[in-house]
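K.L.:
Structure, please.
(3 chains)
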Amino acid sequence: MNKLTQNIRELSSNLLKNNKVDMVIGFKKGTIPMAVSPMAAHNIEQTKEFIWDSNCGINLANFISDKKEKIGIIAKGCDSRNIVTHITENKISRDKLHIIGVPCTGMIDKIKLQSNFNDDITDYSENGEDIIVKSGLIEKNLKKSDYLKSNCKTCMHRNPVIYDELAAELVQEQKIEDQFADVKKIESLSIEDKWNYFDNLLKDCIRCYACKNACPLCYCPSCFVNESNPQWVGKGQDKTDIKTFHFLRAYHCAGRCTDCGACVQACPMNINVRDFTRKLIKDSYEIYGWEAGLDITKRPLLDTFSLKDDDSFIK
Amino acid sequence: MKVIKINKKDWENGINQSKKEYQLFGPVKEKDNYIFKKLQLDEYPDMEHKDTLVSPKSILFPQTEKILQTNLDESIDDHHIMKQVKKDYSKRAVISIKPYDAKAIQILNLNFDTDEYKDPYWCEAYKATTFIGLAVNNPSVFDFSSSTNTGPFAEQGLDVLLIDCSKEYLAKVLTDKGQAFLDVAGFNQETDNKKAIEIINNMKKKAENAISSQISTQNLKDKNTLDLYEAPFWDDIAFSCINCGTCSFVCPTCWCFDIQDETKGNLSYRIRNWDTCMSPLFTLHASGHNPRGEKTMRVRQRFMHKLKYFLDKYDNGIMCVGCGRCVKLCPVNIDIRKVCNLMNSHEPDTDN
Amino acid sequence: MGNLLEHMGIEKQRLHFSWISSAEATKFVNVAKEVTNAVRALEPNNKFVKTLD
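P.N.:
Coordinates of the predicted model:
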């Protein structure tokens, strides 16, 4: 068992023992290699199931919306930013939460990892920043940093931005030369090529809505895609409808998205839906100097007005 | 039963021959994923393919399908009269479908082709299709098909079963439809049947032994439905569920659909789309009431349908073929194997 | 929003923002003309147009 897992179990069982919270939300080991499952521990016994490794890429802030109980939550950098967003958007109040912060060195892109093997991965373990992966045919020792999820590679907030206690020491933040290289690549395309790029991106979308449902921002009781009276968008596989869904979902995340990558991790078809939200993150940052979820005293970007705001687009 | 030998050198040629009479569907790799699609003239089925992300049920039951159409122009005599959309139901063959996916087609048949109701779109497509299966020599770690009434070499629902014997394929001819396909493709080299069957049986045993994961279903039939319905584990199973439709949409046996009308100008279509019981909209009544308003209810419904209601209604096994797609792709690792075993071993608390 | 639309391949000149008071009839006319001229200068739009094919 790694040190982090041990600390998380200890801290959570203390919280429950001292009746500080009604439940602690964290991850338990999955039934297949490299899978984990969000779980709530209601008693000390259950905290023994908690684990932490580099497969915990799903965002746990998604599991606290509108909860009435007092909650302990394990939060890596991006989870903590979404907790901040939840607090500023009144989805949960700060005093209902006890945050166990986990400084993070990035999560694994398991599709990329699997592509290294001809047969299925049967075992995965970690030793510090090294990962040991076995398949039926071969065992490989790999560097975790070579297999990070793409959002983790450009992450500027590995440390939790808000917490009550920490499960490990803070880590060094990354120095990134060009944070938006991926966005710039699309920006440099001609208008037709951009359109085709997104057409191609969404070709395999099956509209299972895993992206929006894994997203902590998508907490509307009824999403516009599910509305039937009035119906805003067709429900089938028409490519205009599919693009409309992704475009509008992304736009609803403007100034709120923390680039946690849960959408991409959840997608069964391996679609990089971050290509939409990344543009909004870049614009929020470059035009308004805004990064989502850093400060619970600040109102969300699109909910504030300042005379200094750029208004060159209004005629 | 006859076994035909196909030299791999002749394979592509045979595929080309068969394209003259059949539309072919098969697995191909696109953008790092395997998908089943209609093969163009220069395309061949990928015989080494791993599981396609989405099952081949979409060949007979597309995710979005126009079923009826009408014209709204009131100057036309039959305006507003819905008529069946005309479709091409010429001969087609699905190449390299895995045995458990073929079994799944048989399960879908139970819903779309009954004595009482026949879904014309499904039935026509089914009638037109020849299923050329490919036995699974190396089952994936997610495969648990040997405990779901099918298996890596199962024959149910197939017209031909191909077995990959490195230099050649052995083709077990299972139906006349399968024989007709092989004739068109020009595959006719007979072989010593007894010897071939022996080889196949040995490979079959090896493949079945390679399947490491099993589920237990033997008690499900005798369990009381309400006991299972009221079992205490549902909240726990459903906690992590994000209510996406991944499990239903990648499932080869999920058959639920939704009907939508779409209109452009005077042309109006009635369209059916796959639906998923994970979506709250699935059961939302016009009154606003939702009998499955909480996610636990929806998660329970999915598993109860697959593992209990279906079993009770058709007495034909469970509604799962053990392909493992949902196990692999669920973003939060809700594992049907675990749920099935929980249900199978559930004993109600008699104290209450 | 304009930026995201452009990012996805919709020409920026198709989306205009303006602040016009109900008393500014002349501005309204001018903006309307500007918008139609800008959009006419582009090819007819076939993006985000559902065809039901």
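K.L.:
Phi, psi for the residue in the stretch 1-150 of chain B that chain C sits nearest to please.
P.N.:
Residue of the stretch 1-150 of chain B nearest chain C, by C-beta to the nearest C-beta: residue B:66 (8.5 Å). (Glycine included, C-beta is placed from N, CA and C.) Backbone geometry at residue B:66, expressed as degrees, to the nearest 10, gives phi -80, psi 130.
K.L.:
hey, where'd the helices end up in the stretch 51-200 of chain B?
P.N.:
B:99-112, B:120-128, B:176-185, B:193-210 (DSSP state H, counting those that start in this stretch).
K.L.:
out of those helices, deepest packed?
P.N.:
Using mean count of other C-beta atoms under 10 Å in any protein chain shown, the stretch among the helices of the stretch 51-200 of chain B with the largest mean neighbour count is helix B:99-112, at a mean of 23.
K.L.:
Just the CA trace of it, in CSV.
P.N.:
Provided in CSV are the C-alpha atoms of helix B:99-112 (Å, rounded to 0.1, in the frame of the first residue of the first chain):
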residue,chain,number,x,y,z
PRO,B,99,-19.7,-15.6,-31.2
TYR,B,100,-21.1,-13.7,-28.2
ASP,B,101,-22.2,-10.8,-30.5
ALA,B,102,-24.0,-13.3,-32.7
LYS,B,103,-25.7,-14.7,-29.6
ALA,B,104,-26.7,-11.2,-28.7
ILE,B,105,-28.5,-10.8,-32.1
GLN,B,106,-30.5,-13.9,-31.1
ILE,B,107,-31.5,-12.2,-27.9
LEU,B,108,-32.6,-9.1,-29.8
ASN,B,109,-34.6,-11.4,-32.0
LEU,B,110,-36.7,-12.3,-28.9
ASN,B,111,-37.8,-8.7,-28.7
PHE,B,112,-38.1,-7.7,-32.4
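K.L.:
List the buried residues for the lowest-mean-pLDDT helix or strand in chain C?
P.N.:
Least confident helix or strand, chain C: helix C:2-7 with a mean of 87, by mean pLDDT, DSSP states H and E. Burial within helix C:2-7, assessed by neighbour count using 16 or more other C-beta atoms under 10 Å in any protein chain shown, is assigned to C:3, C:4, C:5, C:6, C:7.
K.L.:
Return the residues of chain C in contact with chain A.
P.N.:
Within chain C, the residues that sit near chain A (C-beta under 8 Å from any C-beta of the partner chain) are C:1-11, C:16-19, C:31, C:34, C:47-52.
K.L.:
Report the buried members of the residues you listed.
P.N.:
Buried members of the residues of chain C next to chain A, counted by 16+ other C-beta under 10 Å: C:3-11, C:16, C:31, C:47, C:52.
K.L.:
Would you mark the buried spots in stretch C:18-32?
P.N.:
residue C:31.
K.L.:
What lies in contact with that stretch?
P.N.:
A:314, A:315, C:16 (C-beta atoms under 8 Å, 6 or more residues apart in numbering or on different chains).
K.L.:
rerun at 7 Å
P.N.:
A:314, A:315 (C-beta atoms under 7 Å, 6 or more residues apart in numbering or on different chains).
K.L.:
Give me the mean pLDDT for it.
P.N.:
Throughout stretch C:18-32, pLDDT has a mean value of 95.
K.L.:
Put the alpha carbons of it into CSV.
P.N.:
What follows is stretch C:18-32, C-alpha atoms only, in CSV (Å, rounded to 0.1, in the frame of the first residue of the first chain):
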residue,chain,number,x,y,z
SER,C,18,-24.4,45.6,-30.4
TRP,C,19,-25.9,47.7,-27.7
ILE,C,20,-28.8,49.8,-29.0
SER,C,21,-31.2,51.9,-27.0
SER,C,22,-34.8,52.0,-28.1
ALA,C,23,-34.3,55.6,-28.8
GLU,C,24,-31.4,54.9,-31.3
ALA,C,25,-33.4,54.2,-34.4
THR,C,26,-30.6,55.5,-36.7
LYS,C,27,-28.0,53.3,-35.0
PHE,C,28,-30.3,50.3,-35.3
VAL,C,29,-30.7,50.9,-39.1
ASN,C,30,-26.9,51.2,-39.5
VAL,C,31,-26.1,48.1,-37.5
ALA,C,32,-28.7,46.1,-39.4
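K.L.:
Name the SS class of whichever residue of chain C sits closest to chain A, please.
P.N.:
As assessed by C-beta to the nearest C-beta, chain A sits closest to residue C:9 within chain C, at 2.7 Å. Of the three states, residue C:9 takes coil under DSSP: H, G, I helix; E, B strand; the rest coil.
K.L.:
and residue B:259, how many neighbours?
P.N.:
Using other C-beta atoms under 10 Å in any protein chain shown, residue B:259 is surrounded by 12 other residues.
K.L.:
So residue B:293: helix, strand or coil?
P.N.:
The three-state assignment at residue B:293 reads coil, by three-state DSSP.
K.L.:
tally of neighbours for it?
P.N.:
11.
K.L.:
Quick check: the gap between the closest residue in space to it that isn't next to it in sequence and residue B:292.
P.N.:
Excluding the flanking residues, the one nearest residue B:293 by C-beta to C-beta, 6 or more residues apart in numbering or on different chains is residue B:280, at 6.8 Å. Noted for residue B:280: a distance of 7 Å to residue B:292, by C-beta to C-beta, to the nearest Å.
K.L.:
in the stretch 51-200 of chain B, what residue is nearest chain A?
P.N.:
Across the stretch 51-200 of chain B, the shortest distance to chain A (C-beta to the nearest C-beta) belongs to residue B:64, at 3.6 Å.
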